[in-house]
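Enquirer: need a 3D model of the sequence below.
(chains A and B)
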Protein chains: 2
Amino acid sequence: MNAVQLGLLAGALTSCAVIPQVLKAYRSKQVRDLSIWQPVLLVLGMGLWLAYGIMIDDLPLIAANLFSIACNVLLIVMKFLYRGAQGAC
Amino acid sequence: MNAVQLGLLAGALTSCAVIPQVLKAYRSKQVRDLSIWQPVLLVLGMGLWLAYGIMIDDLPLIAANLFSIACNVLLIVMKFLYRGAQGAC
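Expert: Coordinates of the predicted model:
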């Protein structure tokens, strides 16, 4: 496995990592225990990773971060959308 | 700002992103709404990013991923530790 293949696999794993959380939040409509700051900081940080990937012309970094940003924005939207369910048990 | 500085800033942000979630889980002892698969996949993926960073000799990738792996392992431990509180409201 060369470096680019390893980077693409790494990017695929870290990009997909947020999917189970997005699905769990969507199914349960419960987001009480989630910190809003994790997806917010991730979107900001991944925006910079994306810029860094573009600057050093690195495909794994660019592809992985584009996808992750979209997923984390979805999680932020759900955190606000399901706010009303916070107090309910 | 050059590419390495941008990468280091990006790494700092995405690495710190998990800290609010770790603190929230530690304080509330509530981890019901957290998917265990997010930190598990992140640890696996970041392990590969770390290997990729070492292969392409990229300091921001190496530093960021070492720290994030430690934080996500902590979150996995808490998910198991606070399991008993899952059913309680």
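Enquirer: what's the closest non-adjacent residue to residue A:78?
Expert: Using CB to CB, 6 or more residues apart in numbering or on different chains and skipping residues adjacent in sequence, the residue nearest residue A:78 is residue A:25, 4.9 Å away. Every residue, glycine included, has its C-beta placed from N, CA and C.
Enquirer: now for that neighbour: which residues touch it?
Expert: Going by CB atoms under 8 Å, 6 or more residues apart in numbering or on different chains, residue A:25 touches A:31, A:34, A:75, A:78-79, A:82, B:33.
Enquirer: can you say which of the residues you listed are buried?
Expert: Neighbour-count burial (16 or more other CB atoms under 10 Å in any protein chain shown) applied to the contacts of residue A:25 gives A:31, A:34, A:75, A:78-79, A:82, B:33.
Enquirer: now residue A:31, what's its secondary structure?
Expert: Three-state call for residue A:31 (DSSP: H, G, I helix; E, B strand; the rest coil): coil.
Enquirer: what helix or strand is the residue nearest to residue A:78 on?
Expert: helix A:18-28 (DSSP states H and E).
Enquirer: I'd like the next helix or strand past that helix.
Expert: Immediately after helix A:18-28, counting by DSSP H and E, sits helix A:37-55.
Enquirer: low pLDDT regions in chain A?
Expert: By pLDDT under 70, the low-scoring segments of chain A are A:85-89.
Enquirer: quick one, longest helix in it?
Expert: What stands out as the longest helix in chain A, according to DSSP state H, is helix A:59-81.
Enquirer: which residues touch that one?
Expert: A:4, A:7-8, A:10-12, A:14-15, A:18-19, A:21-22, A:25-26, A:31, A:34, A:36, A:39-40, A:42-43, A:46-47, A:49-50, A:52-54, B:52.
Enquirer: any buried residues in it, and which?
Expert: Quick answer for helix A:59-81 (16+ other CB under 10 Å): A:60-65, A:67-69, A:71-72, A:74-76, A:78-79.
Enquirer: what about residue A:7, how many residues close to it?
Expert: 25 (other CB atoms under 10 Å in any protein chain shown).
Enquirer: on the three-state scheme, it is what?
Expert: Taking three-state DSSP, the label given to residue A:7 is helix.
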